[in-house]
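Undergrad: could you work out the structure for the sequence below:
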Amino acid sequence: MHLAVHDTAGAEAQLAKLERLVMKAPFQNNFAIASLGPWLGEAWLLAGDVAAARGRRAEGDGMYRRLIGLWEGGDPDLQHLVRDAQAHLALLR
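TA: Next up is the predicted model:
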């Protein structure tokens, strides 16, 4: 919603809430969270995009690399997210 009205700060705040939930989960639950489906990868991709758009290229780079590193060898239905993250990472270069 925030991005639809060009509110990158609001989008970033919502993505930060999700990030805090993921990072506060015990390690074994992070795998459960990641296995819920592509929504988490989409959130990481979006977080990378928002960070890059707000001039924090290193943070965007980190989000793209996280997605790629965790899911590069994953299920075929997640590979479009990996390819998108690789393309967005290349644009930061």
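
Undergrad: what stretches of the protein score poorly on pLDDT?
TA: Low-confidence segments of the chain (pLDDT under 70): 2-6, 22-38.

Undergrad: go again using 90 as the cut-off
TA: Counting by pLDDT under 90, the ranges of the chain that qualify are 1-44, 46-47, 50, 53-54, 70-71, 73-75, 77-78, 92-93.

Undergrad: how about the helices in it?
TA: Counting by DSSP state H, the chain has helices at residues 8-24, 27-34, 38-53, 57-71, 79-92.

Undergrad: OK, contacts around the residue nearest to Met63 when sequence neighbours are not counted?
TA: Once flanking residues are discounted, Met63 sits nearest to Gly48: 3.5 Å by C-beta to C-beta, 6 or more residues apart in numbering. For glycine as for every other residue, the C-beta is placed from the backbone atoms N, C-alpha and C. For Gly48, the contacting residues are 59-64, 67, 85, 88, by C-beta atoms under 8 Å, 6 or more residues apart in numbering.

Undergrad: quick check, nearest of these to Thr8?
TA: Closest approach between the contacts of Gly48 and Thr8, by C-beta to C-beta: Gly60, at 12.0 Å.

Undergrad: burial check on the closest one, number of neighbours?
TA: 23 (other C-beta atoms under 10 Å).

Undergrad: just checking, it touches Leu92?
TA: Yes: contact criterion C-beta atoms under 8 Å: Gly60 and Leu92 qualify, at 6.2 Å.
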